[in-house]
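Engineer: compute the structure for the input listed below.
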Amino acid sequence: MANITFKNGELARRAVERFNGSPIDGGRSRLRLNLIVDPNQRPVKSLADRIKAMPQKGGNAPRPVKRGPNRKAAMAKSQNKPKREKPAKKSLEDLDKEMADYFEKK
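Structural biologist: Residues are numbered from 1 along each chain as shown. Model prediction:
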């Protein structure tokens, strides 16, 4: 006895039609297949349907303060904040020197 689960009913029906009664054990007996359908099982949604159903989020941008006495201050702080400058890229020689200094100290 074996239980086989198919992705859809059409594939299961074709398999039963094709293989039911096929010879097994060198032709001494025949294969008997029974198609059993679970009426409680709902069909699985496709990947495209599951992706469409996901809610879309806004962005990661901070939201401004909508009410209260600190609204203007909060808006001014976020707009006037200077951006940090990125440190200059180190040359290969500088990196080699730092590595040599590190290993000499140990």
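Engineer: going forward, measure contacts and count neighbours with C-alpha atoms only.
Structural biologist: Fine.
Engineer: phi, psi for A100 please.
Structural biologist: phi -60, psi -40 (degrees, to the nearest 10).
Engineer: now the helices for this protein?
Structural biologist: Applying DSSP state H to the chain gives helices spanning 9-19, 47-52, 71-80, 92-105.
Engineer: mind listing what's buried in the first one?
Structural biologist: In this case it means helix 9-19. A12 (16 or more other C-alpha atoms under 10 Å).
Engineer: distance between the ends of stretch 23-43?
Structural biologist: Distance across stretch 23-43, first residue to last, is 33 Å (C-alpha to C-alpha, to the nearest Å).
Engineer: show residues contacting it.
Structural biologist: 12-13, 16, 19-22 (C-alpha atoms under 8 Å, 6 or more residues apart in numbering).
Engineer: now these in TSV, with pLDDT and distance to D96?
Structural biologist: Below are those laid out as TSV (pLDDT from 0 to 100; distance: C-alpha to C-alpha, whole Å):
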residue	pLDDT	distance to D96
A12	89	66
R13	90	70
V16	91	71
F19	91	71
N20	92	74
G21	92	76
S22	91	74
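Engineer: okay if I get those residues as JSON lines plus distance to K45?
Structural biologist: Shown next, in JSON lines, are these (distance: C-alpha to C-alpha, whole Å):
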{"residue": "A12", "distance to K45": "19"}
{"residue": "R13", "distance to K45": "21"}
{"residue": "V16", "distance to K45": "25"}
{"residue": "F19", "distance to K45": "29"}
{"residue": "N20", "distance to K45": "30"}
{"residue": "G21", "distance to K45": "34"}
{"residue": "S22", "distance to K45": "34"}
